[in-house]
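K.L.:
Here you go, sequence then predicted model.
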Amino acid sequence: QKEVEQDPGPLSVPEGAIVSLNCTYSNSAFQYFMWYRQYSRKGPELLMYTYSSGNKEDGRFTAQVDKSSKYISLFIRDSQPSDSATYLCAMNAGSYIPTFGRGTSLIVHP
Amino acid sequence: KAGVTQTPRYLIKTRGQQVTLSCSPISGHRSVSWYQQTPGQGLQFLFEYFSETQRNKGNFPGRFSGRQFSNSRSEMNVSTLELGDSALYLCASSPGTVGEADTQYFGPGTRLTVL
């Protein structure tokens, strides 16, 4: 079992939909959680960064962490075609190197 | 602040050759990490340099090596290239703060094709 599991998709939704992207993990020491967005042929771009459990909101994006279930989510409200990308979750335990999920491919069609 | 830059952006090499990739981190960042990204394996950590010293290393063969200079710029070298080395090589920089999770900022990557 990999330390971080993420469904590769693709996840296809219509414009305006609420998107839910998820990762599960096995290492209970993880306490820092990140979401990256990667467009085709580009490097990953940091979207959200959270510490510990709870919700964090930034515009149309909400990151949610449930440490008791070892489950994190990224919600995208009012999704746009420009949100079409691969979304990677990442997490670490306070060391310097995060562990990444494989990424979920999201397609938002007009 | 300027972002992370990587050169070259694209490379085509043949098996057996060697290649050197370059990364310039965000100004003030002291940590540089290198990753290999492939469709099959996702993002795999190669190594991390901090203040010119390799601080962390992933599970890659010795053909993959790196170094960091006093201005924090980093290079990665792959010797005796194999077909399986074809990938997007990403560099990420971070402040390198001790005792906290370091948020990494990625460059655009170098796409290496081995023929």
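P.N.:
Okay, I see it. Numbering: from 1, shown residues only, chains lettered A, B, ... in the order given.

K.L.:
ok, what's across the strand from B:Ser74?
P.N.:
B:Cys23, B:Gln68 (DSSP bridges).

K.L.:
what's near enough to touch it?
P.N.:
B:Ser22, B:Cys23, B:Pro25, B:Val32, B:Trp34, B:Tyr49, B:Gly66, B:Arg67, B:Gln68, B:Cys91 (C-beta atoms under 8 Å, 6 or more residues apart in numbering or on different chains). All C-beta atoms are positioned from the backbone trio N, CA, C, and that covers glycine.

K.L.:
repeat that for 6 Å
P.N.:
By C-beta atoms under 6 Å, 6 or more residues apart in numbering or on different chains, the contact list for B:Ser74 reads B:Cys23, B:Val32, B:Tyr49, B:Gln68.

K.L.:
The most centrally placed residue in chain B and B:Thr80: what is the separation?
P.N.:
Taking C-alpha atoms, centre = their mean, the centroid of chain B lies closest to B:Trp34, which sits 2.8 Å from it. Separation of B:Trp34 from B:Thr80 (C-beta to C-beta, to the nearest Å): 18 Å.

K.L.:
for A:Ser20, same thing?
P.N.:
For A:Ser20, the distance to B:Thr80 equals 45 Å [C-beta to C-beta].

K.L.:
tell me which element the spatially closest residue to A:Pro81 that is not a sequence neighbour is part of?
P.N.:
Distances taken as C-beta to C-beta, 6 or more residues apart in numbering or on different chains put A:Val108 closest to A:Pro81, at 5.0 Å, once the chain neighbours are dropped. A:Val108 is part of strand A:104-109, with elements assigned from DSSP states H and E.

K.L.:
for chain B, what spans make up the helices?
P.N.:
Taking DSSP state H to define them, one finds no helices in chain B.

K.L.:
mind listing what B:Cys91 touches?
P.N.:
Counting by C-beta under 6 Å, 6+ apart, B:Cys91 has contacts B:Val4, B:Gln6, B:Cys23, B:Trp34, B:Gly107.

K.L.:
thinking again about what came up before, quick one: which of the contacts of B:Ser74 is most hemmed in?
P.N.:
When neighbours are counted by other C-beta atoms under 10 Å in any protein chain shown, B:Val32 leads the contacts of B:Ser74 with 30 neighbours.

K.L.:
Pretty sure B:Ala92 is one of the things that one touches, is it not?
P.N.:
No: here B:Val32 lies out of contact with B:Ala92, judged by C-beta atoms under 6 Å, at a distance of 7.3 Å.

K.L.:
can you confirm A:Ser82 is in a strand?
P.N.:
No: using DSSP: H, G, I helix; E, B strand; the rest coil, the assignment for A:Ser82 is helix, not a strand.
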